[in-house]
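> Sequence and predicted model, in that order:
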Amino acid sequence: MRCLTARILREQGYTVLEAANGQEAMNFVHGKGTETIHLLLTDVMMPHRGGKGLLEKVKTRLPNIKVLFISGQTDSVINHHVFFEPYAALLQKPFSANLLARKVRELLTQ
């Protein structure tokens, strides 16, 4: 899923930093500085640190980052695990390439 999502976004002209887990994502945040990363796209439920935990860590370096949560879970599970920030959106699995591109564009132009 991650590879397909990254490919779709690259085909739309976005630069994508692909991380296999939350620690890799934090390495990008620390290595790229605060001006380069504009959007965090993360699954709500992940091993070791869910999307909410990752966002909390990322926000310490990038307080204004926008986030697109992806989930295949039900709304009740999502509401239990995620607090929605300004400039945050949720994309339910499965989703189309067009819907993904539209959600990313909407968030980046807010």
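Okay, I see it.
> any chance you could map the strands in the chain?
Along the chain, the stretches classed as strands by DSSP state E are 39-43, 66-71, 88-92.
> OK, contacts around the nearest residue to residue 12 once chain neighbours are set aside?
Among residues not flanking residue 12 along the chain, residue 101 sits closest, at 5.0 Å (CB to CB, 6 or more residues apart in numbering). For glycine as for every other residue, the C-beta is placed from the backbone atoms N, C-alpha and C. Applying CB atoms under 8 Å, 6 or more residues apart in numbering to residue 101 gives the contacts 8, 9, 12.
> about what we covered before: I'd like the strands of the chain as a markdown table, with mean neighbour count and mean pLDDT appended.
Output for the strands of the chain, formatted as a markdown table (neighbours: other CB atoms under 10 Å; pLDDT from 0 to 100):
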| stretch | mean neighbour count | mean pLDDT |
| --- | --- | --- |
| strand 39-43 | 21 | 90 |
| strand 66-71 | 22 | 89 |
| strand 88-92 | 16 | 85 |
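> what comes up buried for stretch 14-24?
Buried residues in stretch 14-24, counting neighbours by 16 or more other CB atoms under 10 Å, are found at 14, 19, 22.
> Narrow the contacts of residue 101 to those that are buried.
8, 9.
> Please enumerate the helices of the chain.
Under the criterion DSSP state H, the chain contains helices at 2-11, 22-32, 51-61, 75-81, 97-108.
> any chance of those in JSON lines, with distance to residue 40 too?
Converted to JSON lines, the helices of the chain look like this (distance: least, CB to CB, whole Å):
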{"stretch": "helix 2-11", "distance to residue 40": "13"}
{"stretch": "helix 22-32", "distance to residue 40": "7"}
{"stretch": "helix 51-61", "distance to residue 40": "6"}
{"stretch": "helix 75-81", "distance to residue 40": "16"}
{"stretch": "helix 97-108", "distance to residue 40": "10"}
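> And those helices, which one averages the lowest pLDDT?
Among those, helix 75-81 carries the lowest mean pLDDT, at a mean of 51.
> if we can go back for a sec, pick the most buried one from the helices of the chain.
Ranked by mean neighbour count, the helices of the chain are led by helix 51-61 with a mean of 17 (mean count of other CB atoms under 10 Å).
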